[in-house]
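# Return atomic coordinates for the entry below.
(chains A and B)
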Amino acid sequence: GAVVSQHPSRVICKSGTSVKIECRSLDFQATTMFWYRQFPKQSLMLMATSNEGSKATYEQGVEKDKFLINHASLTLSTLTVTSAHPEDSSFYICSARDDSVGAGRPFGPGTRLLVL
Amino acid sequence: GNSVTQMEGPVTLSEEAFLTINCTYTATGYPSLFWYVQYPGEGLQLLLKATKADDKGSNKGFEATYRKETTSFHLEKGSVQVSDSAVYFCALNYGGATNKLIFGTGTLLAVQP
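This next block holds a predicted model:
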């Protein structure tokens, strides 16, 4: 079946540094990928929709300069948290739309970010 | 706006007990409805879905029926197992050009032997 991977699985960084998270579709091409953020005991909140070859579409309230998204190929999207602060600590999850399975798109295992 | 409301957890059951996790939604139009499951340390997996009213989604002994009249999509299983312990998310897809998913807050299910 369609598999999505994320790297790294967890990262600890100092405040002020930037962190890049990769999302890959392993056995299918994805023109669209989605980035979510999940706070403890809360739901997944959609941050942005990543489109291959074009600019990402950000949800209201998400700073595009803070969360840089690059979807350079049909199998890779990256999320860069710039100048990270402790409040950016969270669980970041991506999913990729495989058109062959409709809207039930596969999700990655998530990346745990801890900013000290 | 579009939203999903789930019953709060955690839900603690004994093995072989009957499970119900309530989910209601608010949406314009006719969304598709989903249940996702997140096992400890893993990513979300699609459990089942229903795309129109009165459809019943089923998988691994779990069932949910799309009830338009009550705007509900409750998850049920007749006999839970310890291996069903996970977080369950109800979600809706309100379509459009980007096919966005809106999730409920998730319900933690703990099944004890």
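
# Spell out which residues of chain A are next to chain B.
A:4, A:6, A:32, A:34, A:41-44, A:46, A:49, A:57, A:93, A:95, A:97, A:103-110 (C-beta under 8 Å from any C-beta of the partner chain). (Each C-beta comes from the backbone N, C-alpha and C, glycine too.)

# Which ChimeraX command selects the buried ones in these?
Buried members of those, defined by 16 or more other C-beta atoms under 10 Å in any protein chain shown, are picked up in ChimeraX with:
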select /A:4,6,32,34,43,44,46,49,57,93,95,97,103,104,105,106,107,108,109,110
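
# Quick check: which ranges of the chain have low pLDDT?
Unless you meant another one, I'm taking chain A. A:1, A:99-104 (pLDDT under 70).

# sorry, should have said chain B
In chain B, residues with pLDDT under 70: B:95-99.

# where along it do the strands fall?
For chain B, the strands defined by DSSP state E occupy B:3-6, B:11-14, B:19-21, B:23-26, B:32-38, B:44-50, B:56-59, B:62-65, B:75-77, B:86-93, B:101-103, B:107-112.

# hang on, the earlier thing: which of the residues of chain A next to chain B fall in strands?
Short answer: the residues of chain A next to chain B in strands (DSSP E) are A:4, A:6, A:32, A:34, A:44, A:46, A:49, A:57, A:93, A:95.

# what's near enough to touch the last one?
In other words, residue A:95. A:4, A:33-34, A:36, A:105-108, B:44, B:101 (C-beta atoms under 8 Å, 6 or more residues apart in numbering or on different chains).

# let's see it at 7 Å
A:4, A:33-34, A:105-108 (C-beta atoms under 7 Å, 6 or more residues apart in numbering or on different chains).

# Return the distance of the residue nearest the centre of chain A relative to residue B:49.
By C-alpha atoms, centre = their mean, chain A has its centre lying nearest to residue A:35, at 3.6 Å. Look at residue A:35 and residue B:49: by C-beta to C-beta, to the nearest Å, they are 22 Å apart.
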